[in-house]
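In: Mind looking at a prediction? Sequence and model below.
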Amino acid sequence: VSDKRGARVRAAAAEAVHAVAEHGRSLDAELRRLEVTLPAQDQPLFRNLAYGVVRRWYLYREWLDVLVDRRPRRRDRIVEALLCLGFHQLTATRIPDHAVVSATVEAARLLGKRSYAGLINAVLRRFRREDVEHREPDSDEARYNHPDWLLARFRTDWPDDAASIVEANNARAPMWLRINRLRFSLAEYESRLTEAGIASSRLAGLPSALRLGEPLPVADLPGFAAGDVSVQDGGAQVAADWLLADGGGRVLDACAAPGGKTAHLLEIGEVEVDAIDVDDARLAAVDENLSRLGLDATLRAADAGELGSWWDGRPYDRILLDAPCSATGVIRRHTDIKLLRRDSDIASLARTQATLLDRLWQTLKPGGRLLYVTCSVLAEENESVAAGFLERTADASVSSLLPNNNIRALMQSRGPGYQLRTGTGGMDGFYFAAIDKRG
Ligand SMILES: C[S@@+](CC[C@H](N)C(=O)[O-])C[C@H]1O[C@@H](n2cnc3c(N)ncnc32)[C@H](O)[C@@H]1O
């Protein structure tokens, strides 16, 4: 990579990190916005650098405190992102020191921060000279690369498992596939992968899932464009498998976008699906996914809790409420969650979740079932919400339909439902509670 191009990659990565850390933007959205400004062959390096810095943000922030006496002025804060990018290249990549320093200094010039060139140069050299990389971190935030409030919640909710949750959050997530079983058996698609030289494995209890040995671009998956296969975490696949284990019928997918679970419901069940999402743009992704897979559902952009705005009064046999949540079970895939969420968000998410449960319950047939799902590992959004709902709802009871035995063996019983802890069986963190309506 030429000097100029190398500097441009660093500048773009610093912009992405800065947008997340300073302005609360989503990392994925920033990556998409900025990568189009770079040549295709530089985009993987750009993504890896930006992603890596956000993943280890709390450690790098501490190193900044050690090495920089005075923070740059607010409008020059992007220099901090650049320095963290420097630390990341020096400690987590094989880029030679001199190339790191020169590309990072040059990136500062591209960003109009020429006056910081000397500082960047000096800080990165001192970082090496004083072997800051190997000093014992002062804070738990730096040691575990998570904010204090989240560590505190993990310790309270999971006294025995907090460390393993943190470790899973900091690890790379595997890539999982969901085979379109309307077209192929798991074994048939497995042989197509083998023929293509792609290693994969099964997990007992997940009838549509294959876990890849190494992540790869979807374009390299046999039949992806034709709709033979989708990318979906193994844990996410538990939802449709469980909800439809004893039949389907009219199904409501109340928070559907981008449609992973909607498609799964349609691939495995005798179902008619209404899919709702409050976010228009995200609902368009449901449409795209279903078209690729050759599946059909009725899509509506609406607030699922405002029944008057979308419900025709015909009750559902099954409801999937994959509720908006902290997403603390998928931090390993969306590492910016650590920087974007606040402790105070959790109570307000729990209120939204409780309201959605109360309202949607009215659309469920007597004798029907609702599956409450979050990709959170926090009790306040999970067992507390489900238990509170059961307490105040006379015709609701914990379902006697249990998850598949093999999957249940991997989960922990929590309140009225089950928690899949992040990393267990290679899966994301999810909470599930199946609730039946008395007939
Ligand atoms: C966890 S995501 C759903 C993921 C999806 N079920 C899947 O498997 O691909 C939660 C979704 O809920 C939507 N949402 C949030 N509040 C909502 C509401 N009041 N009504 C409907 N959808 C809502 C968000 O836009 C978001 O797309």
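Out: Right, received. Where do you want to start?
In: Residue 372 contacts residue 418, correct?
Out: No - using C-beta atoms under 8 Å, residue 372 is not in contact with residue 418, being 11.0 Å away. Glycine gets a C-beta too; all of them are placed from N, C-alpha and C.
In: Common neighbours of these two, please.
Out: Residues touching both residue 372 and residue 418 (C-beta atoms under 8 Å, 6 or more residues apart in numbering): 431, 432, 433.
In: The strand or helix carrying the second one pairs with which strands, and in what direction?
Out: For residue 432, the element it lies in under DSSP states H and E is strand 430-437. For strand 430-437, the pairing partners within the sheet under DSSP bridges are strand 364-374 (antiparallel), strand 396-398 (antiparallel), strand 417-420 (antiparallel).
In: With distance to the ligand and neighbour count added, can I get the shared contacts of residue 372 and residue 418 in TSV?
Out: Below are the shared contacts of residue 372 and residue 418 laid out as TSV (distance: C-beta to the nearest ligand atom, whole Å; neighbours: other C-beta atoms under 10 Å):
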residue	distance to the ligand	neighbour count
431	12	29
432	13	25
433	15	26
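In: how much space is there between residue 263 and residue 270?
Out: Note on residue 263: its distance to residue 270, by C-beta to C-beta, to the nearest Å, is 15 Å.
In: try residue 55
Out: 43 Å.
In: So which residues lie in contact with stretch 74-91, not counting its own?
Out: 10, 13-15, 17-18, 21-22, 49, 52-53, 56-57, 60-61, 63-64, 67-68, 71-72, 95, 97, 100-101, 104, 107-108, 111, 113, 116, 119-120, 123-124, 127-128, 133.
In: I'd like to know the average pLDDT value across the top helix by length along the chain.
Out: Longest helix in the chain by number of residues (criterion: DSSP state H): helix 3-23. Throughout helix 3-23, pLDDT has a mean value of 96.
In: Equivalent analysis for stretch 119-128, please.
Out: In this model, stretch 119-128 carries a mean pLDDT of 97.
In: Show me which residues of that stretch are buried.
Out: Judged by neighbour count using 16 or more other C-beta atoms under 10 Å, the buried positions of stretch 119-128 are 119, 120, 121, 123, 124, 127.
In: Also stretch 245-265?
Out: 245, 248, 250-265.
In: Now distance to the ligand, mean pLDDT and mean neighbour count too, for the strands paired with strand 430-437, in a markdown table please.
Out: Formatted as a markdown table, the strands paired with strand 430-437 follow (distance: least, C-beta to the nearest ligand atom, whole Å; pLDDT from 0 to 100; neighbours: other C-beta atoms under 10 Å):
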| stretch | distance to the ligand | mean pLDDT | mean neighbour count |
| --- | --- | --- | --- |
| strand 364-374 | 7 | 98 | 21 |
| strand 396-398 | 20 | 98 | 16 |
| strand 417-420 | 15 | 98 | 25 |
